[in-house]
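Undergrad: Output the structure for:
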Amino acid sequence: MRILILLISVLITLLVFVILYYIVKTKITAGNQVHQRLKDLGGGGERVIKSHADELSRIPFLDRTVLPLLYQAEKFLMKFAPSEIHATVEKKLMLAGKQGKWSVNRVITGWLLCQAVAMGVAIYLVSSDSFPFASGIMLMWSCLAVGALLPFAFLNSIIRKRQKAIEKQLPEVLDLLSVSVQAGLSFDGALRKITDRMTGPLIEEFHRMQQDVRMGSPRARALQAVAQRCDLEDMYLFITAVIQAERLGSSMGRTLISQADNMRERRKQKAKALALKAPVKMLFPLVLFIFPALFVVILVPPVFTILKSMGSLFK
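TA: All right, here's what the predicted structure looks like:
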């Protein structure tokens with residue numbers, strides 16, 4: 001019971017720390033910076049500071065004390081992170097659609113904190129109970145592995161959910177694109193109409209692609225970046241077909257129609273594959289939960305009847 005209470009308290013403390021850190025970083029810091037900028041502009045651009053004490057008094061308390069401590073803690077923890085983890089976390093944030101929203105260093109800091117909490121729980125368990133040496137070492141390694149894999153499991157869950165949403169929305173977007181292009185709009189114009197009227201992760205990626213094109217990036221490179229951020233086979237096929245149609249000068253409308261038909265056919269095939277897998281997946285809960293209940297309902301009354309009759313015979 002003590003171990004469970006300690007584990008719950010440590011997890012609650014870690015959760016409160018992460019929530020406060022997020023609020024300070026995203027809400028309070030941004031508001032203080034905007035307020036300070038408006039205050040400086042309202043004075044007509046005159047930034048005359050009478051003394052060092054006056055300058056410090058103008059800085060909010062959070063900017064003076066809390067944020068520097070958080071930055072120092074994050075900087076200290078980043079020293080213990082492997083050099084290869086930065087690229088891995090950056091790629092996963094890109095696939096999760098959190099690039100620019102979540103800081104890579106912040107995610108790595110949370111990953112290190114999870115390992116530290118898991119190791120602390122393992123040390124407490126080993127020191128409080130009489131564990132053999134080998135069992136204690138295995139428990140510590142197991143807790144460390146759980147603490148290291150838990151943040152990545154959370155990111156992978158977000159990635160899978162986002163990819164499923166993109167995969168579900170892609171055929172509808174392709175149908176609208178093909179209809180709009182056949183009606184006389186260009187590919188960019190049709191895409192702009194769709195992004196103005198729809199929402200979703202795929203629409204966000206196309207909106208970002210349009211921003212990249214407006215900033216001067218070639219459309220082919222912007223489309224390839226969309227495929228890399230989605231990391232789906234259907235998206236790679238669609239982007240490759242659009243780029244080839246643009247380079248070869250073929251009809252964009254026919255290309256979009258064929259791609260929409262192919263996406264619908266692939267979606268039907270995936271649905272059929274999932275339907276064929278359903279009986280196999282239902283076998284395990286059937287054997288583990290339904291069959292034992294049926295055996296109890298069917299066999300227990302005859303067993304009691306037989307035992308009762310045997311007891312009467314022996315009497």
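Undergrad: Can you get me a residue count around Ile159?
TA: Residues within reach of Ile159, counting by other Cβ atoms under 10 Å, total 19. All C-beta spots, glycine's among them, are computed from the backbone N, C-alpha and C.
Undergrad: hey, C-alpha coordinates of the one helix or strand Gly311 maps to in PDB?
TA: Secondary structure assigned from DSSP states H and E places Gly311 in helix 291-314. The C-alpha trace of helix 291-314 is given here as PDB (Å, rounded to 0.1, in the frame of the first residue of the first chain):
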ATOM      1  CA  PHE A 291     -16.200 -20.300 -23.200                       C
ATOM      2  CA  PRO A 292     -15.400 -20.500 -19.500                       C
ATOM      3  CA  ALA A 293     -18.700 -18.700 -18.700                       C
ATOM      4  CA  LEU A 294     -20.600 -21.200 -20.900                       C
ATOM      5  CA  PHE A 295     -18.800 -24.100 -19.300                       C
ATOM      6  CA  VAL A 296     -19.800 -22.900 -15.800                       C
ATOM      7  CA  VAL A 297     -23.500 -22.400 -16.900                       C
ATOM      8  CA  ILE A 298     -23.700 -25.800 -18.700                       C
ATOM      9  CA  LEU A 299     -21.500 -28.100 -16.600                       C
ATOM     10  CA  VAL A 300     -21.900 -26.900 -13.000                       C
ATOM     11  CA  PRO A 301     -25.600 -27.900 -12.400                       C
ATOM     12  CA  PRO A 302     -25.000 -31.500 -13.700                       C
ATOM     13  CA  VAL A 303     -21.900 -31.800 -11.500                       C
ATOM     14  CA  PHE A 304     -23.800 -30.700  -8.400                       C
ATOM     15  CA  THR A 305     -26.600 -33.200  -9.300                       C
ATOM     16  CA  ILE A 306     -24.100 -36.000  -9.700                       C
ATOM     17  CA  LEU A 307     -22.400 -35.200  -6.500                       C
ATOM     18  CA  LYS A 308     -25.700 -35.100  -4.700                       C
ATOM     19  CA  SER A 309     -26.800 -38.400  -6.100                       C
ATOM     20  CA  MET A 310     -23.500 -40.000  -5.200                       C
ATOM     21  CA  GLY A 311     -23.800 -38.700  -1.700                       C
ATOM     22  CA  SER A 312     -27.300 -40.200  -1.300                       C
ATOM     23  CA  LEU A 313     -25.900 -43.600  -2.600                       C
ATOM     24  CA  PHE A 314     -23.100 -43.700   0.000                       C
END
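Undergrad: can you give me the mean pLDDT across it?
TA: The average pLDDT within helix 291-314 is 78.
Undergrad: quick one, phi/psi of Trp102?
TA: Per-residue torsions, Trp102: phi -110, psi 140 (degrees, to the nearest 10).
Undergrad: Please read the previous query as pertaining to Gln99.
TA: Note on Gln99: backbone dihedrals following degrees, to the nearest 10 are phi -70, psi 130.
Undergrad: Quick check: pLDDT value at it.
TA: Looking at Gln99, its pLDDT reads 82.
Undergrad: surely it meets Leu93?
TA: Yes. Counting by Cβ atoms under 8 Å, Gln99 touches Leu93, with 5.1 Å between them.
Undergrad: Which one's more surrounded, the two?
TA: Neighbour count, other Cβ under 10 Å: between Gln99 and Leu93, Leu93 has more, with 20 against 15.
Undergrad: and Ile194, how many neighbours does it have?
TA: For Ile194, the neighbour count with other Cβ under 10 Å is 18.
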